[in-house]
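J.: Build me a model from this:
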Amino acid sequence: MTNQNTSTPVGLLAGKVIFITGASRGIGAAAARLFTDEGAAVVLAARTTDALDRIVADIRADGGTADAVTVDLADSAGIRAAVAKAGELHGRLDGAFNNGATGQQPGPLDATSATDLEDQFAVNFRAQWTAMNAEAALMLAGGGGAIVNTSSIGSRRANPFLPAYGAMKRALNSITESAAVSWAPDGIRVNGITPGGTATEMMLEWDKLTPGVIEANNAATPMGRMAEPREVAEAAAWLLSDRASMVTGAIVPVDGGAGA
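T.: Prediction:
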């Protein structure tokens, strides 16, 4: 008699509780849906409450587990409270995708305002620092976990049109690597991803401010196109999963070869 396997496939993130920032649009929203498709319970954080509520409703309608918490990433106390809420809802935290960011007004270094630089520091660096520490505290209590930070291809090379953004994303790469080494003995893996041009609202906004950016990106990308948000989220999902159990301190390009 032929042996037939009738078991249901287990998702890549089955049983995991994952916190996601920047979850109201773009890569974060795609990650919310993908992670629940892969079996995770998600806690979604962003400033836009209405958008978060719509995503939560969609996930729940499809049988997934999702909750939302409103947070301004420039508010360190608010970040800590949002991470704590994830712990309150589920009693633990297994993974975190620190994806939230803010763009800068495009322009050269000498035209970048002090206000823009301070905004970049607050949201694209300090917020990740604050979130990682809060997330790690919950993970330590649960015996370990995994963190993925969204950086940028602009962190890996000169970024003359977004100098403050590139600088803070490069700093994020550094603390990602430092955290990986610091927390590896405690069972916490920390990795980063560096997306190239991705078909998100932020990219469209940049193209409006600097016409031709998307066309130039596609021309400079060996694969000839931008990434879809879900394609970037797929890389984060793998890094958050147990399949990546020996991967920590990595900054993984998701850029169609543009950084090669």
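J.: In three-state terms, how would Asn149 be classified?
T.: Assigned with DSSP: H, G, I helix; E, B strand; the rest coil, Asn149 falls in the strand class.
J.: my guess is it contacts Gly192, does it?
T.: Yes - taking Cβ atoms under 8 Å as the definition, Asn149 is a contact partner of Gly192 at 4.5 Å. The way it works is simple: take the backbone N, C-alpha and C, and place the C-beta from them, glycine included.
J.: Find the residues that touch each one of the two.
T.: Residues touching both Asn149 and Gly192 by Cβ atoms under 8 Å, 6 or more residues apart in numbering: 172, 176.
J.: ok, for Gly107, nearest residue in space, not its chain neighbours?
T.: Sequence neighbours aside, Phe161 is the residue nearest to Gly107 in space, at 6.8 Å (criterion: Cβ to Cβ, 6 or more residues apart in numbering).
J.: Any figure for the gap between that neighbour and Gln104?
T.: 9 Å (Cβ to Cβ, to the nearest Å).
J.: So which of those two has more stuff around it?
T.: Under the neighbour definition other Cβ atoms under 10 Å, Phe161 and Gln104 were set side by side, and Gln104 has more, 22 against 17.
J.: Please, where are all the strands along the stretch 151-260 of the chain?
T.: Assigned strands in the stretch 151-260 of the chain, in chain order: 188-195, 251-254 (criterion: DSSP state E, counting those that start in this stretch).
J.: quick one, which of those strands is packed in tightest?
T.: Most buried of the strands of the stretch 151-260 of the chain, by mean neighbour count (mean count of other Cβ atoms under 10 Å): strand 188-195, with a mean of 26.
J.: Keeping just the C-alphas, turn that one into PDB.
T.: Extracted C-alpha coordinates of strand 188-195, given in PDB (Å, rounded to 0.1, in the frame of the first residue of the first chain):
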ATOM      1  CA  ILE A 188      18.900  36.200  20.100                       C
ATOM      2  CA  ARG A 189      19.800  36.600  16.500                       C
ATOM      3  CA  VAL A 190      20.000  40.100  14.900                       C
ATOM      4  CA  ASN A 191      20.200  40.700  11.200                       C
ATOM      5  CA  GLY A 192      19.500  43.500   8.700                       C
ATOM      6  CA  ILE A 193      18.300  43.700   5.200                       C
ATOM      7  CA  THR A 194      19.200  46.400   2.600                       C
ATOM      8  CA  PRO A 195      16.500  46.700   0.000                       C
END
